[in-house]
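**Q** With the sequence up front, the predicted model follows.
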Protein chains: 2
Amino acid sequence: MATLLTIGDAAKESGLSAKMIRHYEQSGLLRKSPRTDAGYRLYNSEQINQLRFIRQARNLGFSLHDIQSLLALWQDPQRESRVVKQLAQQHLDEIAGKIAELQHMQQVMTELADSCRGDGSPHCHILQQLAKPG
Amino acid sequence: MATLLTIGDAAKESGLSAKMIRHYEQSGLLRKSPRTDAGYRLYNSEQINQLRFIRQARNLGFSLHDIQSLLALWQDPQRESRVVKQLAQQHLDEIAGKIAELQHMQQVMTELADSCRGDGSPHCHILQQLAKPG
DNA sequence: ACTAAACCTTACCATTATGGCAAGGTCAAA
DNA sequence: TTTGACCTTGCCATAATGGTAAGGTTTAGT
């Protein structure tokens, strides 16, 4: 006997917001869910699992676009794990790229901050460097 | 003798796009620039410096909101370097937070990817884990 | 049975920083 | 004078999420 949840409960179960669940449906990530006579969306346990899947992929930083692919692979019993791993590796590359970018900012910013006395005087190397051409 | 540049040249000089320069003016980050009779924006060297300042701050990841503060400090000869350093430190904290978040994703993703054979078989630990409740 | 609270619905707007396109005006060189 | 390379404004789009408002529904308490 399938327990059907309204969107608020589905949100609690999945860790997503009701707002986002509607949005995912709207944007084609999720199929339109069945409705009550009054128009309330209803979710069964399979759909709740799908919502959890989405949340966990979001937590790992996957874009909704990528999640669409992941969902399709998940639901395809014939998929080759090669394809999944490829997506994962691609995502790892993106993550590494962002980290590198941030670390570069971090390094430059740290140097700048270290060279600023941070006292009551107006002299500040940070502003000086930002103002420098180049 | 102040050389005046049109927006395209100002863009080349500063490394910003003409589009963004207009946008910064529109959003109040920059004062409205003088215009020719035909309505073309004109930039003098001081303004070019300001554009460079903005670009460099953007490259370091400062938000436009923060850049507004930085510009104000830059132009205030009375500023206390304490305030600048505070902004810098705050930004460094944000950067560190983002790095930590990404590194966490990286770690989990790496474990997942490592546990996926990535061959022709459909079995894939990545999808299994994403599908797990929790 | 009635009412109030707690849901649900849709639709619109905002965020952040950036890009694209289109329709039209301007300027300079050939 | 024509043409190409500029410039102008205005509108739309992105990615993912939140907010609000106006209105319908359901449920629990009186």
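**A** Arrived safely, thanks for sending. Just so you know, these numbers come straight off a predicted model, no measurement behind them. Numbers count the residues shown, from 1 in each chain, chains lettered A, B, ... in the order given.

**Q** Quick one: residues contacting the residue in chain A positioned nearest to DNA strand C.
**A** Nearest residue of chain A to DNA strand C: A:Gly8, at 2.4 Å (Cβ to the nearest atom of the strand). Glycine gets a C-beta too; all of them are placed from N, C-alpha and C. Counting by Cβ atoms under 8 Å, 6 or more residues apart in numbering or on different chains, A:Gly8 makes contact with A:Ala18.

**Q** ok, A:Leu4 touching A:Tyr40?
**A** No - if you go by Cβ atoms under 8 Å, A:Leu4 and A:Tyr40 don't touch, sitting 9.7 Å apart.

**Q** okay, those two: which has more neighbours?
**A** A:Leu4 (17 against 13; other Cβ atoms under 10 Å in any protein chain shown).

**Q** which one is that one nearest to, not counting chain neighbours?
**A** A:Leu42 (4.3 Å; Cβ to Cβ, 6 or more residues apart in numbering or on different chains).

**Q** gap between the one you found and A:Leu30?
**A** 13 Å (Cβ to Cβ, to the nearest Å).

**Q** So A:Asp9: helix, strand or coil?
**A** helix (DSSP: H, G, I helix; E, B strand; the rest coil).

**Q** what number of residues lie near it?
**A** The burial count for A:Asp9: 15, using other Cβ under 10 Å.

**Q** cool, and A:Ser33?
**A** 17.

**Q** list the contacts for the residue nearest to it when sequence neighbours are not counted?
**A** Closest residue to A:Ser33 apart from its sequence neighbours, by Cβ to Cβ, 6+ apart: A:Arg41 at 4.5 Å. Shown in contact with A:Arg41 (Cβ under 8 Å, 6+ apart): A:Thr6, A:Ile7, A:Ala10, A:Ile21, A:Arg22, A:Glu25, A:Ser33, A:Pro34, A:Arg35.

**Q** Show only the entries of those residues found in strands.
**A** Judged by DSSP state E, those include no members of strands.

**Q** hmm, which of these are the buried ones?
**A** Listed as buried from the contacts of A:Arg41 are A:Ile7, A:Ala10, A:Ile21, A:Ser33; burial here means 16 or more other Cβ atoms under 10 Å in any protein chain shown.

**Q** can I get the residues you listed in TSV with pLDDT?
**A** As requested, those are arranged in TSV below (pLDDT from 0 to 100):
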residue	pLDDT
A:Ile7	98
A:Ala10	98
A:Ile21	98
A:Ser33	96
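
**Q** Tell me the one of those nearest A:Lys132?
**A** Of all the buried ones among the contacts of A:Arg41, A:Ile21 has the smallest distance to A:Lys132: 49.2 Å, by Cβ to Cβ.

**Q** Surely the closest one touches A:Ser14?
**A** Yes - with contact defined as Cβ under 8 Å, A:Ile21 reaches A:Ser14; the gap is 7.5 Å.

**Q** Show me the common contact partners of these two, please.
**A** Counting by Cβ under 8 Å, 6+ apart, the contacts common to A:Ile21 and A:Ser14 are A:Leu51.

**Q** Enumerate every residue touching the residue of chain A most remote from its centre.
**A** Centroid-distance maximum for chain A: A:Ser121 at 43.2 Å, with Cα atoms, centre = their mean. Shown in contact with A:Ser121 (Cβ under 8 Å, 6+ apart): B:Glu80, B:Ser81.

**Q** Give me the pLDDT for it.
**A** Note on A:Ser121: pLDDT of 96.

**Q** Look up how far B:Met109 lies from it.
**A** From A:Ser121 to B:Met109 the distance is 46 Å (Cβ to Cβ).

**Q** A:Gln106 too?
**A** 21 Å.

**Q** for A:His23, same thing?
**A** Distance, A:His23 to B:Met109, by Cβ to Cβ: 24 Å.

**Q** which of those two has more neighbours?
**A** The neighbour comparison of A:His23 against B:Met109 (other Cβ under 10 Å) goes to B:Met109, with 21 against 14.

**Q** Find the nearest non-adjacent residue to the spatially most central residue of chain A, please.
**A** Among the residues of chain A, A:Arg58 comes closest to the average C-alpha position under Cα atoms, centre = their mean, at 3.4 Å. Spatial nearest neighbour of A:Arg58, chain neighbours left out: A:Ile67 (7.1 Å); criterion: Cβ to Cβ, 6+ apart.
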